[in-house]
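Chemist: The following block contains a protein sequence and its predicted model.
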Amino acid sequence: MNKNIYHPLLNEKHEKLRSQVREFAIKEIKPFAQKLDEQSEFSPEITRKMGQLGLLGVTIPEKYGGQNLDTLAYLIALEELARVDSSQAATI
């Protein structure tokens with residue numbers, strides 16, 4: 001049974017992903033986002049870290065190195081990245 005009283009479609013995996021991505025975005029992206037945007041630069045390091053977190057394969061099956069989560073999980077990850085930097089959200 002889903003115990004999420006705020007949104008009936010979100011389960012524990014969704015909430016965990018949201019928390020992880022939000023924390024990552026604030027810690028790893030936010031300090032650099034404005035400078036990267038102003039200088040029209042791409043950060044391979046941030047992208048590498050997003051890959052290590054599994055954000056480049058949210059919906060990919062585990063046997064291929066992905067997280068095997070659903071489309072809603074992917075959208076949650078996009079939303080949390082876009083809250084801090086839409087360019088990084090577009091990367092995934």
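Modeler: Everything's here; your move. Numbering: from 1, shown residues only.
Chemist: which residue is nearest the centroid of the protein?
Modeler: residue 77 (3.3 Å; Cα atoms, centre = their mean).
Chemist: Name the secondary structure element that contains the closest residue to that one other than its chain neighbours.
Modeler: The shortest distance from residue 77 to any non-neighbouring residue, by Cβ to Cβ, 6 or more residues apart in numbering, is to residue 21 (5.0 Å). C-beta: built from backbone N, CA, C; applies to glycine. Using DSSP states H and E, residue 21 maps to helix 12-24.
Chemist: re the thing from before, does the residue nearest to the centre of the chain touch residue 17 like I think?
Modeler: Yes: counting by Cβ atoms under 8 Å, residue 77 does reach residue 17; the two are 6.3 Å apart.
Chemist: got any residues that touch both of these two?
Modeler: Each of residue 58 lies in contact with both residue 77 and residue 17 under the rule Cβ atoms under 8 Å, 6 or more residues apart in numbering.
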